[in-house]
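Undergrad: coords please:
(one chain, ligands or ions: 1)
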Amino acid sequence: MREGSGGVGAPSTLGPVVHEPMIAPSILSADFASLGTEIDAIAGPGDGRADWVHVDVMDGHFVPNLTIGLPVVESLRKRTDLPLDCHLMIEDPDRWAPGYAEVGAHNVTVHVEAARDPVMLAKNLRAAGAKAGLSIKPNTPLEDHLDTLRHYDTLLVMSVEPGFGGQAFIPEVLDKVRTARRLVDTGHLTLLVEIDGGINSDTIEQAAEAGVDCFVAGSAVYGADDPARAVAALRDQARAARAR
Ligand SMILES: O=C(CO)[C@H](O)[C@H](O)COP(=O)(O)O
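TA: Numbers count the residues shown, from 1 in each chain. The predicted structure is shown next:
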């Protein structure tokens, strides 16, 4: 994460703080019958330890797929000490999202296309103990939501249409990453920039060069023979790309 302070129009006097690239494996690509074991595989010590566990909550309405909900997140919270990064692809997040914070999600991300009052929702998420995340679909312009972003801790840039794992990365969304990175590095926003969809060994370097802090990877981690090695390899690639 690179930190600044102040909102849009209020540049920080602090310079950017550069952290290690973060990897958030998406359990959408894990074996749902063995979720605890699948998370254990990326929760060991060393380079193969994930930074967050990305949990895709889909309601069959906002996206045409149905996954898991609050009771599963509550159980996962008891099973692992890794932070749970809950990405809610649901309608009416204003009503449902704070419940995920209340059961112990570290980060609760809602879609800007679905939230009715995203500023109030961010406040409610923080009051319930979570970081507030805002996600944006590939065809939604970022520029329309910059003021809203002042109230959020993370921006989740979707690099596929939300709904399914294993889709091809959409490189055009990197313009949004570059814009957000610039606003963070100049102190106009205080945000962690996250990307989700099609991140693998072929795409992570361009995302890292554009300025992503945290990389969600589903099939690239859980489709690998050794998920922990995949986490370590992706982080190494991102680190190398940033250093160039
Ligand atoms: O939010 C998602 C889909 O809506 C998933 O997190 C994402 O697609 C990860 O899967 P993969 O890395 O296989 O693309």
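Undergrad: Enumerate the residues of the chain near the ligand.
TA: Residues of the chain lying near the ligand by Cβ under 6 Å from any ligand atom: 26, 28-29, 54, 56, 87, 160, 162-167, 196-199, 216-220. Quick note: C-beta positions are derived from backbone N, CA and C, even for glycine.
Undergrad: Give me the buried subset of those residues.
TA: 26, 28-29, 54, 56, 87, 160, 162-163, 165, 196-199, 216-220 (16 or more other Cβ atoms under 10 Å).
Undergrad: taking these one by one, which sit in strands?
TA: Counting by DSSP state E, the part of those found in strands is 54, 56, 87, 196, 216-217.
Undergrad: what about residue 184, how many residues close to it?
TA: 25 (other Cβ atoms under 10 Å).
Undergrad: likewise residue 115?
TA: Neighbours of residue 115 (other Cβ under 10 Å): 20.
Undergrad: Doesn't it lie inside a strand?
TA: No: Residue 115 is assigned coil when assessed by DSSP: H, G, I helix; E, B strand; the rest coil, not a strand.
Undergrad: Would you list the phi and psi of the residue in the chain positioned nearest to the ligand?
TA: Using Cβ to the nearest ligand atom, the closest approach of the chain to the ligand is made by residue 218 at 2.8 Å. Main-chain dihedrals, residue 218, degrees, to the nearest 10: phi -100, psi -80.
Undergrad: looking at it, it is touching residue 166, isn't it?
TA: Yes: in this structure residue 218 lies within contact range of residue 166 using Cβ atoms under 8 Å: 7.3 Å.
Undergrad: Can you work out which residues contact both of those two?
TA: residue 29 (Cβ atoms under 8 Å, 6 or more residues apart in numbering).
Undergrad: all strands in this structure, in order from the N-terminus.
TA: Under DSSP E, the chain gives strands at 22-25, 53-58, 84-89, 107-111, 131-136, 154-158, 192-196, 214-217.
Undergrad: want to throw these into TSV with mean pLDDT?
TA: Formatted as TSV, the strands of the chain follow (pLDDT from 0 to 100):
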stretch	mean pLDDT
strand 22-25	98
strand 53-58	98
strand 84-89	98
strand 107-111	99
strand 131-136	98
strand 154-158	98
strand 192-196	98
strand 214-217	98
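Undergrad: Mind checking those strands for the one nearest to residue 72?
TA: With respect to residue 72, and counting by Cβ to Cβ, the nearest of these is strand 53-58 at 8.0 Å.
Undergrad: packing partners for that closest one?
TA: strand 22-25, helix 70-79, strand 84-89 (3 or more Cβ pairs under 8 Å, 6 or more residues apart in numbering; DSSP states H and E).
Undergrad: Using TSV, lay out those together with distance to residue 47.
TA: Formatted as TSV, the helices and strands packed on strand 53-58 follow (distance: least, Cβ to Cβ, whole Å):
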stretch	distance to residue 47
strand 22-25	10
helix 70-79	22
strand 84-89	19
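Undergrad: Those: which one's closest to residue 138?
TA: strand 84-89 (13.4 Å).
Undergrad: Which strands border that closest one, and is each parallel or antiparallel?
TA: In the sheet, strand 84-89 lines up against strand 53-58 (parallel), strand 107-111 (parallel) (DSSP bridges).
Undergrad: which of those is buried the deepest?
TA: strand 107-111 (a mean of 28; mean count of other Cβ atoms under 10 Å).
Undergrad: how much does that strand deviate in direction from strand 192-196?
TA: 60 degrees (axes from the mean of the first three to the mean of the last three Cα atoms, to 10 degrees).
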